[in-house]
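Novice: sequence unavailable; structure follows:
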């Protein structure tokens, strides 16, 4: 496609130029701006149409921008990175975002990449040690990512010991963020406000869900039930603190058991008690017999 465009451009340059008015150039310029993958520069259009059309091109682009400023249009022609590009209007971005995010994944940068890119954008040209001094962490891997995405490029070497490489932003950086030039970057104060706003949006969480009916509350140090059987707050805890101290006595909890369980446990307790008593009586009788035997042995010896 690039080869065909070059051939067509050569054909137009070789063909005799026909002077066109700005009104005639306007729809052609609109089509060219629409099909261009990157912002199309005025110099490219002048090369395409000829120098005699330079004023007509400027007037045609101005007419196009005025036309798309109308409230009836959802698009606009913006001047981005030294060229002209068709884009959606800012007031419709929310609807466009809802549509696009379900079809094409947006270009995402990690927080580390954004921080490094911001440092380079505001302090370019800048070296790796200077970037790491600002961020306080190693930035080599992040720089490689930004270089792969062509958002930054090298800009010579700094005239100091070691001659470290300088880095700056690229034209792709302006295109990615929709900037005409670096002068349109927000001030540091505005940048900090945007960063705080983004942080607050990330910090927001969804409303907490209500606990299920079978949710069991964690055990507390107090043995008193926090809620009475009728669902109202227990008055015993109305004036007490949330934390129980070791000096506070714990009140026993009475559990309701069925009569069958109570009878069974009572019989078991009675059986154990009777066994203990019989064991004690047997030990006493053994002590008496042993004492009598010892007395007989003593009498025989004497």
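Specialist: That came through, no problem. Just so we're clear, the structure is a prediction, and the values are computed from it rather than from any experiment. Numbers count the residues shown, from 1 in each chain.
Novice: burial count for residue 103?
Specialist: Residues lying near residue 103 (other C-beta atoms under 10 Å) number 6. Just so you know, the C-beta spots here come from the backbone N, C-alpha and C atoms, and that holds for glycine as well.
Novice: ugh, wrong one, I meant residue 154
Specialist: Residues near residue 154, counting by other C-beta under 10 Å, number 11.
Novice: repeat for residue 87
Specialist: Using other C-beta under 10 Å, residue 87 is surrounded by 15 other residues.
Novice: and what of residue 191?
Specialist: Neighbour count of residue 191, defined by other C-beta under 10 Å: 14.
Novice: give the contact list for it.
Specialist: With C-beta atoms under 8 Å, 6 or more residues apart in numbering as the criterion, the residues that contact residue 191 are 118, 122, 185.
Novice: now residue 25. Nearest residue, chain neighbours left out?
Specialist: Counting by C-beta to C-beta, 6 or more residues apart in numbering, residue 60 is the residue found nearest to residue 25 once chain neighbours are left out, at 3.9 Å.
Novice: wait, the one you found touches residue 29, no?
Specialist: Yes: taking C-beta atoms under 8 Å as the definition, residue 60 is a contact partner of residue 29 at 4.8 Å.
Novice: tell me where the chain has helices.
Specialist: Using DSSP state H, the helices found in the chain span residues 2-14, 22-35, 42-49, 54-68, 93-100, 111-123, 128-135, 140-148, 171-177, 188-203, 259-301.
Novice: mean pLDDT for those helices: which is lowest?
Specialist: Of all these, the minimum mean pLDDT falls on helix 2-14 (a mean of 48).
Novice: roughly how far apart are residue 138 and residue 112?
Specialist: The gap separating residue 138 from residue 112 is 10 Å, by C-beta to C-beta, to the nearest Å.
Novice: between these two, which one's more packed in?
Specialist: A side-by-side neighbour count of residue 138 and residue 112, using other C-beta under 10 Å, places residue 112 first with 15 against 12.
Novice: how close does that one sit to residue 22?
Specialist: 48 Å.
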